[in-house]
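Chemist: Pasting the sequence and the predicted model now:
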Amino acid sequence: MSDEKKIIVDEDWKSQVAAEKEELKREQSSAKAPENPATTPPSALPEASFALLITSFATEAMVALGQLPNPITQKMETNLDQARYVIDMLQMLQEKTQGNLTAEEETALEDLLHQLRLAFVAVQAAPRKE
(Lines give C-alpha, C1' and ligand atoms only; values in the text may rest on other atoms or scores of the structure.)
Protein backbone atom coordinates (compact mmCIF):
# COMPACT_ATOMS: atom_id res chain seq x y z
CA MET A 1 0.00 0.00 0.00
CA SER A 2 1.25 3.43 -0.81
CA ASP A 3 1.13 6.34 1.57
CA GLU A 4 -0.52 8.52 -1.07
CA LYS A 5 -4.16 9.30 -0.49
CA LYS A 6 -6.40 8.88 -3.46
CA ILE A 7 -9.08 11.49 -3.95
CA ILE A 8 -12.09 10.25 -5.82
CA VAL A 9 -14.31 12.93 -7.28
CA ASP A 10 -17.84 11.96 -8.08
CA GLU A 11 -18.90 14.20 -10.93
CA ASP A 12 -22.37 12.64 -11.02
CA TRP A 13 -23.63 14.74 -8.10
CA LYS A 14 -23.14 17.91 -10.14
CA SER A 15 -25.43 16.69 -12.87
CA GLN A 16 -27.95 15.52 -10.26
CA VAL A 17 -28.01 18.97 -8.62
CA ALA A 18 -28.40 20.64 -12.01
CA ALA A 19 -31.32 18.35 -12.85
CA GLU A 20 -32.97 19.10 -9.49
CA LYS A 21 -32.60 22.85 -10.09
CA GLU A 22 -34.19 22.52 -13.51
CA GLU A 23 -37.08 20.51 -12.07
CA LEU A 24 -37.63 23.15 -9.38
CA LYS A 25 -37.68 25.91 -11.99
CA ARG A 26 -40.24 23.97 -14.04
CA GLU A 27 -42.45 23.43 -10.99
CA GLN A 28 -42.26 27.09 -10.03
CA SER A 29 -43.05 28.32 -13.51
CA SER A 30 -45.94 25.89 -13.97
CA ALA A 31 -47.46 26.69 -10.57
CA LYS A 32 -50.07 29.35 -11.04
CA ALA A 33 -50.83 31.96 -8.40
CA PRO A 34 -54.24 31.38 -6.83
CA GLU A 35 -56.95 33.41 -8.47
CA ASN A 36 -58.57 34.33 -5.15
CA PRO A 37 -56.22 34.12 -2.15
CA ALA A 38 -59.14 34.58 0.25
CA THR A 39 -60.59 31.20 -0.76
CA THR A 40 -57.27 29.40 -0.71
CA PRO A 41 -56.63 27.76 2.66
CA PRO A 42 -53.31 28.83 4.20
CA SER A 43 -50.87 25.94 4.03
CA ALA A 44 -48.80 27.14 6.98
CA LEU A 45 -51.61 26.62 9.48
CA PRO A 46 -52.29 23.23 11.03
CA GLU A 47 -55.55 21.45 10.38
CA ALA A 48 -58.32 22.49 12.75
CA SER A 49 -59.02 19.87 15.39
CA PHE A 50 -60.47 19.48 18.85
CA ALA A 51 -57.03 18.60 20.21
CA LEU A 52 -55.60 21.84 18.81
CA LEU A 53 -58.46 23.82 20.33
CA ILE A 54 -57.97 22.47 23.84
CA THR A 55 -54.20 22.75 23.51
CA SER A 56 -54.61 26.44 22.65
CA PHE A 57 -56.69 26.95 25.79
CA ALA A 58 -54.16 24.99 27.84
CA THR A 59 -51.30 27.12 26.56
CA GLU A 60 -53.20 30.26 27.52
CA ALA A 61 -53.82 28.85 30.99
CA MET A 62 -50.16 27.89 31.41
CA VAL A 63 -49.12 31.44 30.51
CA ALA A 64 -51.62 32.82 33.05
CA LEU A 65 -50.28 30.41 35.68
CA GLY A 66 -46.74 31.61 35.09
CA GLN A 67 -45.65 28.23 33.73
CA LEU A 68 -44.80 29.62 30.29
CA PRO A 69 -43.52 33.07 29.34
CA ASN A 70 -46.02 35.56 28.02
CA PRO A 71 -45.50 35.50 24.22
CA ILE A 72 -45.82 39.28 24.02
CA THR A 73 -43.62 40.38 26.94
CA GLN A 74 -41.44 37.24 27.12
CA LYS A 75 -41.81 37.47 30.92
CA MET A 76 -43.17 34.94 33.38
CA GLU A 77 -46.38 36.47 34.72
CA THR A 78 -49.13 35.12 36.96
CA ASN A 79 -52.77 36.06 36.50
CA LEU A 80 -54.94 33.69 38.54
CA ASP A 81 -58.19 35.30 37.37
CA GLN A 82 -57.26 34.68 33.73
CA ALA A 83 -56.14 31.12 34.52
CA ARG A 84 -59.42 30.40 36.34
CA TYR A 85 -61.38 31.82 33.40
CA VAL A 86 -59.59 29.61 30.86
CA ILE A 87 -60.02 26.52 33.05
CA ASP A 88 -63.72 27.36 33.41
CA MET A 89 -63.96 27.70 29.61
CA LEU A 90 -62.47 24.25 29.19
CA GLN A 91 -64.89 22.84 31.76
CA MET A 92 -67.82 24.45 29.95
CA LEU A 93 -66.52 22.97 26.70
CA GLN A 94 -66.37 19.56 28.37
CA GLU A 95 -69.97 19.88 29.57
CA LYS A 96 -71.31 21.11 26.23
CA THR A 97 -69.57 18.43 24.19
CA GLN A 98 -70.40 15.52 26.51
CA GLY A 99 -71.46 12.53 24.46
CA ASN A 100 -70.13 14.05 21.22
CA LEU A 101 -66.40 13.40 21.63
CA THR A 102 -64.34 10.37 20.81
CA ALA A 103 -62.91 8.43 23.74
CA GLU A 104 -59.48 9.91 23.01
CA GLU A 105 -60.84 13.46 22.97
CA GLU A 106 -62.74 12.93 26.24
CA THR A 107 -59.67 11.49 27.93
CA ALA A 108 -57.42 14.27 26.65
CA LEU A 109 -59.80 16.98 27.86
CA GLU A 110 -60.29 15.35 31.25
CA ASP A 111 -56.55 14.86 31.74
CA LEU A 112 -55.84 18.41 30.64
CA LEU A 113 -58.40 19.85 33.03
CA HIS A 114 -56.99 17.75 35.87
CA GLN A 115 -53.42 18.93 35.21
CA LEU A 116 -54.48 22.58 34.91
CA ARG A 117 -56.48 22.42 38.13
CA LEU A 118 -53.52 20.90 39.97
CA ALA A 119 -51.23 23.61 38.60
CA PHE A 120 -53.75 26.30 39.59
CA VAL A 121 -53.91 25.03 43.19
CA ALA A 122 -50.11 24.80 43.37
CA VAL A 123 -49.64 28.36 42.10
CA GLN A 124 -52.41 29.67 44.34
CA ALA A 125 -50.85 28.02 47.42
CA ALA A 126 -47.32 29.21 46.63
CA PRO A 127 -46.06 32.29 48.46
CA ARG A 128 -46.28 35.35 46.23
CA LYS A 129 -43.26 37.40 45.28
CA GLU A 130 -43.79 41.08 45.87
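Modeler: Sure, I can see it.

Chemist: now what about stretch 55-66, what contacts it?
Modeler: 68-71, 76-80, 82-83, 86-87, 89-90, 93, 112, 116, 119-120, 123 (CB atoms under 8 Å, 6 or more residues apart in numbering). All C-beta atoms are positioned from the backbone trio N, CA, C, and that covers glycine.

Chemist: List the buried residues in the biggest helix by length in the chain.
Modeler: For the chain, the helix that runs over the most residues, judged by DSSP state H, is helix 103-125. Buried residues in helix 103-125, counted by 16 or more other CB atoms under 10 Å: 105-106, 108-109, 112-113, 116-117, 119-120, 123.

Chemist: Beyond the helix or strand bottoming out on mean pLDDT in the chain, next helix or strand please.
Modeler: Across the helices and strands of the chain, mean pLDDT, DSSP states H and E gives its lowest value to helix 12-30, namely a mean of 68. As assigned by DSSP states H and E, the chain's next helix or strand after helix 12-30 is helix 50-64.

Chemist: what about that following helix, average pLDDT?
Modeler: Here helix 50-64 scores 95 as its mean pLDDT.

Chemist: Tell me what angle it forms with helix 103-125.
Modeler: Following axes from the mean of the first three to the mean of the last three CA atoms, to 10 degrees, one obtains 0 degrees for the angle between helix 50-64 and helix 103-125.

Chemist: Okay, now the unreliable bits of this protein?
Modeler: Residue ranges of the chain with pLDDT under 70: 1-20, 30-42, 129-130.

Chemist: Could you list the residues in contact with stretch 85-102?
Modeler: 50, 53-54, 57-58, 60-61, 64, 105, 109-110, 112-113, 116-117, 120.

Chemist: Tell me which two in those are the farthest apart.
Modeler: Ala64 and Glu105 (23.4 Å; CB to CB).
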